[in-house]
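Visitor: fold the following for me, if possible:
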Amino acid sequence: MTLVLTRGDVAALLTLDECIAAVEHAFALQAEGKALGPGVLGLHVPGGGFHVKAAGLPLERFYFAAKLNANFPDKLTSCVTR
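Guide: You can find the predicted model right below:
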C-alpha cells in the first residue's frame, strides 16, 4: 500500500525530537552503506525545472520516499508582485 503524506500530516504525527532522531538514524544507516540512495534527477525546461529526490531505508520493513519539486522562479516572482 502506498501512503502519501502532506507536510501537515507529518507535523501531526512526528515531534521535532522524533524527527531529529529519525534523520540521525537514517544518516547513520547511509554511512554504513545500509540505505538505498539518495538519488537525484533534475529536468530543466524553459523557465525552470523539476527535481526528484528519492531514497530508501530497510528497517522493520522497507521504506521508500520521494520528493518532487517544481521550480519556476519567474512565475513565482510575477505572482508575488501582482
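
Visitor: for this protein, which segments count as strands?
Guide: Per DSSP state E, the chain has strands spanning 36-45, 48-58, 62-71. These are given in chain order.

Visitor: identify whichever of these lies nearest to A28.
Guide: The minimum distance between A28 and these falls on strand 48-58, with 10.6 Å, by CB to CB. In this view, the C-beta of every residue, glycine as well, is placed from N, C-alpha and C.

Visitor: and the contacts of the closest one?
Guide: Strand 48-58 is contacted by residues 26, 29, 34-43, 62-75 when judged by CB atoms under 8 Å, 6 or more residues apart in numbering.

Visitor: weed out the non-buried ones from those.
Guide: Neighbour counting over those (16 or more other CB atoms under 10 Å) leaves A26, A35 as the buried ones.

Visitor: circling back: mind putting the strands of the chain in JSON lines, distance to L16 and mean pLDDT included?
Guide: Output for the strands of the chain, formatted as JSON lines (distance: least, CB to CB, whole Å; pLDDT from 0 to 100):
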{"stretch": "strand 36-45", "distance to L16": "22", "mean pLDDT": "90"}
{"stretch": "strand 48-58", "distance to L16": "20", "mean pLDDT": "92"}
{"stretch": "strand 62-71", "distance to L16": "19", "mean pLDDT": "88"}
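
Visitor: include distance to A21 when you put these into TSV, please.
Guide: Formatted as TSV, the strands of the chain follow (distance: least, CB to CB, whole Å):
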stretch	distance to A21
strand 36-45	19
strand 48-58	13
strand 62-71	15
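
Visitor: for C19, which of the ones you listed is the nearest?
Guide: strand 62-71 (13.3 Å).

Visitor: mind listing what A65 touches?
Guide: With CB under 8 Å, 6+ apart as the criterion, the residues that contact A65 are A54, A55, G56.

Visitor: can you do 10 Å?
Guide: A65 sits next to L5, A26, G37, P38, K53, A54, A55, G56, L57 when contact means CB atoms under 10 Å, 6 or more residues apart in numbering.

Visitor: who does it bridge with?
Guide: The bridge-partner assignment for A65, based on DSSP bridges, gives A55.

Visitor: that one and D17: what is the separation?
Guide: Counting by CB to CB, to the nearest Å, the separation of A65 from D17 is 20 Å.
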